[in-house]
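Novice: what shape does this take:
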Amino acid sequence: MYVRIAVDKDSYSKIKIRKNIEYVYVFDKENLTTLKEINMRCIHKDYIDFVDINLTSYDIDCIKKSTIEEKDYDVLKEDNNKFAIIVPNCNNDRGNYKGKTFLRNCIESILNQTYKNFILIIVDDCSTDSSVETIQSYKDNRIELIKNTRKRYNGGSRNVGIDRAKELDVNYICFLDSDDWWKHNEVLENINKRLRNCEMMLIGLELIDRNGVLWQNFTNIITI
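Specialist: Numbering: from 1, shown residues only. Okay, here's the model as predicted:
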């Protein structure tokens, strides 16, 4: 597993270089001459946002805070959280983004994730278009379709999905509307990596119109 480790002047000389690890030197007041002698990427403490393992005395958002003296200080335990991804849908088998409807973009962005430990719960809220047929066309046992017998709207449909997720052996719940989709295939993998000691995660988004034109870019990722 690829790991990014932050080191500083106190830990730099003690680390044992290993493959598949990116070491980042975090500095505060070291001069340029000193930094040139360090054979790794250097970042000022105010400009580094996240690492996997933090071996520095600085406060950096990380998965694991450690010291050189700890056993396996440079090793991360692989978490295998199971996710329930809840998607409420009503008549979103429409639109055209890269040749596919909004609903198809949503479903395929989830099914194509590199992280595979999830169940996709789609709650259809009395659609009158081809949504149900489209959902059923995906022959994947990770998809569970629930069809509301009466109108529940988005909030009620999410609650239906939550009730079903509570019956399953899952660690976390994700919400995605059926006209939304994940931008790349590593989204769920990245979420899983950052969930240690985290009860809720809010992620950034890009807003596009039905013609695929970007309106506004929200880039901050916030963990609580």
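Novice: where do the helices sit along the protein?
Specialist: Taking DSSP state H, the helices of the chain run over residues 32-36, 102-111, 131-136, 153-166, 187-193.
Novice: in a markdown table: the ones you listed, plus mean neighbour count and mean pLDDT.
Specialist: The way it works is simple: take the backbone N, C-alpha and C, and place the C-beta from them, glycine included. Formatted as a markdown table, the helices of the chain follow (neighbours: other C-beta atoms under 10 Å; pLDDT from 0 to 100):
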| stretch | mean neighbour count | mean pLDDT |
| --- | --- | --- |
| helix 32-36 | 10 | 91 |
| helix 102-111 | 21 | 97 |
| helix 131-136 | 17 | 98 |
| helix 153-166 | 16 | 96 |
| helix 187-193 | 18 | 87 |
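Novice: could you dump these to a markdown table with distance to Asn80?
Specialist: Shown next, in a markdown table, are the helices of the chain (distance: least, C-beta to C-beta, whole Å):
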| stretch | distance to Asn80 |
| --- | --- |
| helix 32-36 | 39 |
| helix 102-111 | 18 |
| helix 131-136 | 27 |
| helix 153-166 | 17 |
| helix 187-193 | 8 |
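Novice: out of those helices, nearest to Cys174?
Specialist: helix 187-193 (7.5 Å; C-beta to C-beta).
Novice: can you tell me how far the spatially most central residue of the chain is from Tyr172?
Specialist: Nearest residue to the geometric centre of the chain (C-alpha atoms, centre = their mean): Ile191, 2.9 Å. Relative to Tyr172, Ile191 is positioned 8 Å away (C-beta to C-beta, to the nearest Å).
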